[in-house]
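Undergrad: Sequence plus the predicted model coming up.
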Amino acid sequence: MADGGGIAGLMALFSDTHTLEVPDFQRNYSWGEDQIDEFHKDVIFATTGKTDHFLGSVILMRSSTDESRKIFQVIDGQQRLTTIFMYVALVRDKAIGLSVQEIRPQGDFGTAINVRSKANDLIFSSEESGEARFKSNSLLRTFIFEHVFREPSPTRPTMPKTHKYFSLDLRKAYSRINDLLDVELAKHQSDDEKLRFLWEVVKTFQQRLQILKITTSTYAESFDIFMTLNSRGLALGPSDLVKSLFMKFNAQGMSPSQITDENLHVSNIWKEVTDNIGDGDVDQFLRHYLVAKQGEAIQAKKIYRKIESIVTAEGVESRTESLNLLSEITRKSGIYAQLLKPENIEDSFIAENCKMMHPLLDSFRILMLTILDENLELSLVQRRELAHVCEILSVRWVLTGGNAQELEDHFQKVCNSLNDQTKSYNTSLTLLLGKLPTDSKVVAQFNIDTTKASLVRGVLFKINRIIGDSSEMMILDPKKMHVEHIAPASMTTHWKNVLFPNTTEDVSAEYSVRVEQWGNKTLLDKKINESVGQKPFREKCEGLQTGNWGGYRDTPLAITRELTREQDWSYELIKNRNKWLADCFLKIWSVEPRLNAVIPFHEWVPPTEDSE
């Protein structure tokens, strides 16, 4: 059970702790200059003002039952703790380098203070044994002890300028703190004054820097608490704990030196996974992978437990199973990388499907992760068909306001069916088709307002691709292609009269509904969109003859250029365009699309009330 130990200074934190160990699943030290500078500023503020400063929380998991050696694993807070110990070690080194080694009390009373020894009380559990209180993960543990924690001596190696990639940020931080302390020491004239300043810094670390200590008994409990405390954005997530599992399972029965090599090997493999995902969310990838593999809903904070259960499915921790699973996750991350950047998908047909779905929802990747898996015995034609229906379902679902979790649950059912060798491809396809929202439900959405910019952009872009020139090179990029409100979103007197002629009443609420309807929206490249603003319709179409901005006529987008055929804008045109867009949508996002039947708005004839 978790225990909140309360807020206390570092010496109080360490009084009940023999060793703080960073487990191997933790990322290597990664603080940059901004974090170091901010931390240094906090230390100096607390030192000069002799005031307390709260640093945050640490989550520690008890890993030893020996009451004489209370060892805790650092689940959260390792970046901060690494910086603390490195900072104190550098303060000690600065003190050792001075000509004065002790602070003499005023007059003849009191005991001399040895700053070096006081700093070592923080760094080591026992200064005589030289055992460090803080131990980093296995990749950095020896490096930090030899280059940072050991006292300066002819045998202590100097901090190298070049080393392994995993120590780069640590070496930079060490150099940064060293330089910052030199700047502070330069403010003091004599060595005695400098030593007194360094003693105040040590006292700040002992007493003034406050930390909330939370202790737990299991990884799962630690992670649940971590997820709760860090809901604003995680520095550590399920993927880090999963990495620890592979380190743990792969290193069974190995010697300490072999474990270090194996952990480095796993880290390198895991780096391939994180490199594949790039700027994407590794935790989300793992969750999507597990949903597709297991065919069941999985919360982000349950990822660790689910991976663990796969490896230990037979009741034993299997190194072979661990290696196989790690290999599969790495392979799947390569597929997922394509789904994060659909333009990289080799098959152009499937790439187009995924480009449409990508900005609308994330859960499509669950199904596509299975569809694109070459280990699944599907032909290219079958993969294309599944991807096509996946796009239709996704677009229709978002358009009609379907529940996101319900769609994800359905995708996992289809994955289950595809992975089940006893079920045919047609069974899976039928299951997917069975969830499509009806045509009538789709058409109804084009008679109401919508604020789903990514959906509007995607639908209009696809229509434009069909009715536009073959040489049209615009890409579906929200930074370059804006959704343009023909009658502007903000009402002006002119546009009020356009949409509500001959009225003096307050129609601001009704106006906001009308301008958000599908028929009032088009696409416009960024530069022109920023120029036309709230101008009258014909000025939007023509642009200014004198000036440096264009209008609708100057865009390469056919869906917008054709608006220049209209002499003025009206609510009647918006309603007709609603119907045209609904007609285009049904012809494009249907199981049997009729792309040749999609025609520009000016060629389209609105249906009569009888035909409706």
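TA: Sure thing, it's come through.
Undergrad: Give me the neighbour count for the spatially closest residue to Val282 that is not a sequence neighbour.
TA: Excluding the flanking residues, the one nearest Val282 by C-beta to C-beta, 6 or more residues apart in numbering is Ser239, at 4.2 Å. In this view, the C-beta of every residue, glycine as well, is placed from N, C-alpha and C. A count of nearby residues for Ser239, using other C-beta atoms under 10 Å, gives 25.
Undergrad: Tell me the helix or strand right after the host helix or strand of Ser239.
TA: Following DSSP states H and E, one finds Ser239 within helix 238-250. For helix 238-250, the succeeding helix or strand toward the C-terminus, using DSSP H and E, is helix 256-277.
Undergrad: so how far is the next helix-or-strand element following that next one from its chain's centroid?
TA: The helix or strand immediately downstream of helix 256-277 is helix 282-294, counting by DSSP H and E. Here the centre of helix 282-294 is set off from its chain's centre by 15 Å, with C-alpha atoms, centre = their mean, to the nearest Å.
Undergrad: Tell me the helix or strand right after helix 282-294.
TA: helix 303-311.
Undergrad: What are the buried residues along that next one?
TA: 303-304, 306-308, 310-311 (16 or more other C-beta atoms under 10 Å).
Undergrad: Which other helices and strands does that helix contact?
TA: Contact here means 3 or more C-beta pairs under 8 Å, 6 or more residues apart in numbering; DSSP states H and E; on that basis helix 303-311 packs against helix 219-229, helix 238-250, helix 282-294, helix 319-340.
Undergrad: Which strands and helices lie in contact with the third one?
TA: Okay, so that is helix 282-294. Using 3+ C-beta pairs under 8 Å, 6+ apart: helix 282-294 touches helix 238-250, helix 256-277, helix 303-311, helix 319-340, helix 364-371, helix 404-419.
Undergrad: between that helix and helix 238-250, how big is the angle?
TA: Relative orientation of helix 282-294 and helix 238-250, computed by axes from the mean of the first three to the mean of the last three C-alpha atoms, to 10 degrees: 60 degrees.
Undergrad: Helix 282-294 versus helix 404-419: what angle between them?
TA: For helix 282-294 against helix 404-419, the angle by the same axes, to 10 degrees is 50 degrees.
Undergrad: if I look at Thr560, how far off is Asn529?
TA: The spacing between Thr560 and Asn529, counted by C-beta to C-beta, to the nearest Å, is 10 Å.
Undergrad: Kindly apply the preceding question to Arg69 instead.
TA: 66 Å.
Undergrad: you'd agree Lys332 is up against Thr370?
TA: No. In this structure Lys332 lies outside contact range of Thr370 using C-beta atoms under 8 Å: 9.6 Å.
Undergrad: Which one of those two is surrounded by more residues?
TA: Between Lys332 and Thr370, Thr370 has the larger neighbour count (other C-beta under 10 Å), namely 27 against 23.
Undergrad: Was I right to think His358 contacts Asn344?
TA: No. Checked against C-beta under 8 Å, the pair His358 and Asn344 is beyond contact range at 11.6 Å.
Undergrad: what about these two, which has more around it?
TA: Shown here are His358 and Asn344; by other C-beta under 10 Å, His358 has more neighbours (20 against 11).
Undergrad: list the contacts for that one?
TA: The contact partners of His358, by C-beta atoms under 8 Å, 6 or more residues apart in numbering, come to 339-340, 342, 364.
Undergrad: if you set the cut-off to 7 Å instead, what comes out?
TA: Counting by C-beta atoms under 7 Å, 6 or more residues apart in numbering, His358 touches Pro342.
Undergrad: do the same with Thr492
TA: When contacts are counted by C-beta under 7 Å, 6+ apart, Thr492 touches Gln534.
Undergrad: go again using 10 Å as the cut-off
TA: Thr492 makes contact with 498, 511, 533-536, according to C-beta atoms under 10 Å, 6 or more residues apart in numbering.
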